[in-house]
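**Q** what shape does this take:
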Amino acid sequence: MAAEGVSLNHVSRESSDIDRLAQFYQEIFGFERIESPKFEFKVIWLRQSPSFYLHLIERDPSTKLPEGPWSSNAAVADPHNLHRGHHLCFSVSNFDSFVKTLKEKGIETHEKTQPNGKTKQVFFFDPDGNGLEVASQP
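**A** Predicted coordinates for the structure are as follows:
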């Protein structure tokens, strides 16, 4: 193994509206906004204690990167296929009330249970079309 003492530092999401995306992650997952460096483009750094960081980066319109992962193949964001696609997963201890809150906010979801029947899953998209999964804690 080449790397030692490895740990996940952060996940980045590029967006044309990082304020909207930050609000979503703060409201849905309880991320807190933390100080971020001053670049020549806008960034917002969020933290989910104790050590998970999400870096939101202002989209560079000159790049050819897709705005959201579903946009390369489909015009509609459908969470039914997310379990086989690109997504970021969080675990919560209040799975049922969490799913209820998503539905109350009008967020389209797709629920599954892992084959062993122990872990419930809900799949959905953030406002930019990034795939998300939330799993119940066993």
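**Q** how does the protein divide up, domain by domain?
**A** Listed by the TED database, the domain ranges of the chain are 1-60, 78-137.
**Q** turn these into JSON lines, columns for mean pLDDT.
**A** As requested, the domains of the chain are exported to JSON lines (pLDDT from 0 to 100):
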{"stretch": "domain 1-60", "mean pLDDT": "88"}
{"stretch": "domain 78-137", "mean pLDDT": "87"}
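**Q** same list, these, but as CSV with mean neighbour count please.
**A** For every residue, glycine as well, the C-beta is placed using N, CA and C. Shown next, in CSV, are the domains of the chain (neighbours: other C-beta atoms under 10 Å):
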stretch, mean neighbour count
domain 1-60, 13
domain 78-137, 15
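**Q** helices of the protein, start to end?
**A** 18-29, 95-104 (DSSP state H).
**Q** helices and strands around the first one, which ones?
**A** Meaning helix 18-29. strand 32-34, strand 43-48, strand 52-58 (3 or more C-beta pairs under 8 Å, 6 or more residues apart in numbering; DSSP states H and E).
**Q** can you lay out the ones you listed as JSON lines showing distance to T113?
**A** Listed next are the helices and strands packed on helix 18-29 as JSON lines, based on distance: least, C-beta to C-beta, whole Å:
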{"stretch": "strand 32-34", "distance to T113": "31"}
{"stretch": "strand 43-48", "distance to T113": "25"}
{"stretch": "strand 52-58", "distance to T113": "25"}
